[in-house]
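Chemist: Structural data only, the sequence is not supplied:
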C-alpha cells in the first residue's frame, strides 16, 4: 500500500472529510512519527506496533565494484516491532 491508497481508503470511510483534509491528516501523522524518532523517542500504536531507532556502530564496508575498503559512519536506523494483535492477524 502506498500513501495515496491509504488516503483514498480513509477518505472513503470518512465521507464527511474532504480529500485535502485526509491528505493533511495522514501527512501530519507521518510527520509526527518521523519527528519523534528523530528526537530519539519511541512511538507506540496499540494493537499495531512500536517504532523506535537502533544505533549502528561505525564499520568498514566494501565498494562492490572495486572491492576497496570504505569507512561507514555510525548511524541510527528506524526499527519496527509489530504488536501482538498484528502478529495474530497475520498468522491467523
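Modeler: Happy to help now that I have it. Everything numeric here is computed off the predicted structure, so don't read it as measured data. Numbers count the residues shown, from 1 in each chain.
Chemist: residue boundaries of the strands in the chain?
Modeler: Taking DSSP state E as the test, the strands found in the chain are 43-45, 49-56, 59-62, 69-72, 75-82.
Chemist: Any chance of JSON lines for the ones you listed, columns distance to residue 24?
Modeler: Any C-beta I mention is one placed from the backbone N, CA and C, and that applies to glycine too. Compiled in JSON lines, those are given as follows (distance: least, CB to CB, whole Å):
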{"stretch": "strand 43-45", "distance to residue 24": "19"}
{"stretch": "strand 49-56", "distance to residue 24": "21"}
{"stretch": "strand 59-62", "distance to residue 24": "40"}
{"stretch": "strand 69-72", "distance to residue 24": "37"}
{"stretch": "strand 75-82", "distance to residue 24": "23"}
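Chemist: right, and those strands - which one's nearest residue 90?
Modeler: strand 75-82 (7.7 Å; CB to CB).
Chemist: What mean pLDDT does that closest one get?
Modeler: Strand 75-82 shows a mean pLDDT of 97.
Chemist: And for stretch 17-26?
Modeler: Per-residue scores along stretch 17-26 average to 96.
Chemist: outside of that stretch, which residues touch it?
Modeler: Under the contact criterion CB atoms under 8 Å, 6 or more residues apart in numbering, stretch 17-26 has outside partners 3, 6, 7, 10, 11, 14.
Chemist: With distance to residue 20 and mean neighbour count as extra columns, can I get the strands of the chain in a markdown table?
Modeler: A markdown table is the format used below for those (distance: least, CB to CB, whole Å; neighbours: other CB atoms under 10 Å):
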| stretch | distance to residue 20 | mean neighbour count |
| --- | --- | --- |
| strand 43-45 | 24 | 13 |
| strand 49-56 | 26 | 14 |
| strand 59-62 | 44 | 10 |
| strand 69-72 | 42 | 10 |
| strand 75-82 | 28 | 12 |
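Chemist: Could you say which one of the ones you listed comes nearest to residue 29?
Modeler: strand 43-45 (9.6 Å).
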